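*Asks:* Output the structure for:
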Amino acid sequence: MMKASWEHYWRWVVVFARFVALGMLVGTYKSFGVLMDFYIEDLDATAAKIGGATALFLTVAYLTGPIVGVLTELQGPNGARIQIMVGGVLASVALCLTALSTTWIHLAALLVLAGVGYGMVQVATVAPLLMYFTDQFGLANGISAAGGAAGMIILPPLTEKWIETYSWRGASILLGVASLHTTVAGALMRPPTTYKDKHLYFPINGQNDSLLYKDYDRFFTPVKNFASSLKENLSIEVFRKQPRFVLYQFIFLLSAITFAGWHLFLVPNALSRDVPPIDAAFLASIGGVGNLIGRAGNGPLLDHHIFSDTMLFVVIHFILAVVLLFDPLAQTYGTMAFLAFFAGLTVGAGYAVTVYIAKNLASSTEHGDGSVMAAVGWTHFFMGFGALLGGPLVGASFDMTGKYHLGFLIMGGVELLLTLMTLVETLYTRRRTSNDGLKYVLM
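*Replies:* I've put the predicted structure just below:
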């Protein structure tokens, strides 16, 4: 009884640990926006090149998703803990070394290494939640994902102060040192004792609606078994058996274009309109407050079935599209702050719901089987390609026009496209599975 009670409380420590880890990831990425103009000036590069270099950080963090998901599962219950700690150290060292960059290529190479480190962190942090929260995943995911918003609120203004005091190179070192908090967070993510020597799987071939467990020791026996185990845990079959999963990977790719572009260029967009640096950096904090509400607030809506996951996704991204399309019309700081808040709200909620959709697609018994860690990994993998497009695309728009208006209009158009795709797919699925599908959606 005491052990069960102790673990019941410890699971909230795990939620806090993921909160910190994601705070460092998103906060660091958002801080690149504060550093953007210094990168462009000191490294003698265009906005498109620096946008691409900084986007690589998020891209690589996403692209490593499938492998990280597999390694997390193959290492057993402590796999996530180990990878988060190692990833935190790798990211910290790489970010510190960016202070030595003399060209944008040096910067890009080091941000790739930092991205690998944070890639190990981002996907692996989902596993402990799955272990502790089998019936309240939406709530735990929303609260812990809100850490990304907290990072947005805290780190960009700190980075601006560090730049004023120590130059952008000194600020880069401090960002790297701060990333070591991720390693401490990983140490706190101890698995529940009930998962000792177990392997976490989601329903297989529709056998039941509960989590299934398998011994993982067989993966560490003969080397010849490793290849087959890798294939199994990558859940490649999910692409053949679940057509919806394939479609949503493309939708998530599109959403990552905006995720990357807005995070990187919110602050430079304000600076290009002659907003003072400290006020421009504060826009990131305002967006972070909205982001916090969006990430934390979606869980109850999903867990209590107030919205379906895909319909909530539609609402979120439609609002984001409107916000981005109105951005070029913003003439005052108050208007920019208003738009930053709602962009942060929807970007944050959109990411949390993305993870929720990936989880549900993986555990769906209608179309086949799939490991949730592999599904989350694949989702981040495809989002990585979107992130790779977002930075250079918005940066190139500035190089061509001297303004970020075109880039924000493009992101708004992308949001409208993915909103329409998701809405059509959702209505089609509802109508196919229920005679009263449309009425169900509108309830």
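*Asks:* Check the secondary structure at Tyr39 for me.
*Replies:* Per DSSP: H, G, I helix; E, B strand; the rest coil, the local secondary structure of Tyr39 is helix.
*Asks:* Check which helix or strand the residue nearest to it when sequence neighbours are not counted maps to.
*Replies:* Distances taken as CB to CB, 6 or more residues apart in numbering place Ile50 nearest to Tyr39, at 4.7 Å, with adjacent residues excluded. In this view, the C-beta of every residue, glycine as well, is placed from N, C-alpha and C. Secondary structure assigned from DSSP states H and E places Ile50 in helix 47-63.
*Asks:* ranges for the strands of the stretch 151-300 of the chain?
*Replies:* In the stretch 151-300 of the chain, the strands defined using DSSP state E, counting those that start in this stretch lie at 199-201, 212-214.
*Asks:* Could you tell me the least trusted of the ones you listed?
*Replies:* If you rank the strands of the stretch 151-300 of the chain by mean pLDDT, strand 212-214 sits at the bottom with a mean of 39.
*Asks:* which strands and helices sit next to the helix holding Ile50?
*Replies:* In terms of contacts (3 or more CB pairs under 8 Å, 6 or more residues apart in numbering; DSSP states H and E), helix 47-63 is packed against helix 2-42, helix 104-124, helix 243-271, helix 372-401.
*Asks:* Any idea which helix or strand in the protein has the lowest mean pLDDT?
*Replies:* strand 212-214 (a mean of 39; mean pLDDT, DSSP states H and E).
*Asks:* hang on, the earlier thing: can I get the helices and strands packed on helix 47-63 in JSON lines including mean neighbour count?
*Replies:* Shown next, in JSON lines, are those (neighbours: other CB atoms under 10 Å):
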{"stretch": "helix 2-42", "mean neighbour count": "21"}
{"stretch": "helix 104-124", "mean neighbour count": "24"}
{"stretch": "helix 243-271", "mean neighbour count": "24"}
{"stretch": "helix 372-401", "mean neighbour count": "24"}
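*Asks:* Name the stretch from those that approaches Gln331 most closely.
*Replies:* Between Gln331 and the helices and strands packed on helix 47-63, the shortest gap by CB to CB is with helix 243-271, which sits at 12.3 Å.
*Asks:* Next, the angle from the closest one to helix 372-401.
*Replies:* Put simply, helix 243-271 runs at 40 degrees to helix 372-401, going by axes from the mean of the first three to the mean of the last three CA atoms, to 10 degrees.
*Asks:* what helices or strands is helix 243-271 leaning on?
*Replies:* So helix 243-271, by 3+ CB pairs under 8 Å, 6+ apart, packs with helix 2-42, helix 47-63, helix 237-241, helix 277-303, helix 309-326, helix 333-363, helix 372-401, helix 405-433.
*Asks:* if you average pLDDT over the longest one, what comes out?
*Replies:* Within the predicted structure, the mean pLDDT of helix 2-42 is 84.
*Asks:* Start the count at 343 instead of 1 going forward.
*Replies:* Sure, I'll start counting at 343 from here, so that last one is helix 344-384.
*Asks:* any idea how far Gly421 is from Val695?
*Replies:* For Val695, the distance to Gly421 (CB to CB, to the nearest Å) stands at 26 Å.
*Asks:* So between those two, which is more surrounded?
*Replies:* A direct count of neighbours by other CB atoms under 10 Å for Val695 and Gly421 places Val695 higher, at 31 against 23.
*Asks:* In this model Leu654 seems to touch that one, though I could be wrong.
*Replies:* Yes - taking contacts as CB atoms under 8 Å, Val695 lies within contact range of Leu654: 5.5 Å.
*Asks:* Quick check: neighbours shared by the two?
*Replies:* Jointly contacting Val695 and Leu654 under the rule CB atoms under 8 Å, 6 or more residues apart in numbering are 640, 644.
*Asks:* returning to that earlier point: for the helices and strands packed on helix 389-405, which one sits closest to Gln478?
*Replies:* Closest approach to Gln478 among the helices and strands packed on helix 389-405 (CB to CB): helix 344-384, 9.4 Å.
*Asks:* Can you spell out which helices and strands pack onto the closest one?
*Replies:* Other elements packing on helix 344-384 under the criterion 3+ CB pairs under 8 Å, 6+ apart are helix 389-405, helix 421-439, helix 446-466, helix 468-474, helix 479-520, helix 522-530, helix 585-613, helix 619-645.
*Asks:* One more pass at 7 Å, please.
*Replies:* helix 389-405, helix 446-466, helix 468-474, helix 479-520, helix 522-530, helix 585-613, helix 619-645 (3 or more CB pairs under 7 Å, 6 or more residues apart in numbering; DSSP states H and E).
*Asks:* so Thr476 sits in a helix?
*Replies:* No - Thr476 is assigned coil when assessed by three-state DSSP, not a helix.
*Asks:* Using JSON lines, lay out the helices and strands packed on helix 585-613 together with distance to Leu516.
*Replies:* Putting the helices and strands packed on helix 585-613 into JSON lines (distance: least, CB to CB, whole Å) gives the following:
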{"stretch": "helix 344-384", "distance to Leu516": "10"}
{"stretch": "helix 389-405", "distance to Leu516": "17"}
{"stretch": "helix 579-583", "distance to Leu516": "41"}
{"stretch": "helix 619-645", "distance to Leu516": "15"}
{"stretch": "helix 651-668", "distance to Leu516": "31"}
{"stretch": "helix 675-705", "distance to Leu516": "24"}
{"stretch": "helix 714-743", "distance to Leu516": "23"}
{"stretch": "helix 747-775", "distance to Leu516": "29"}
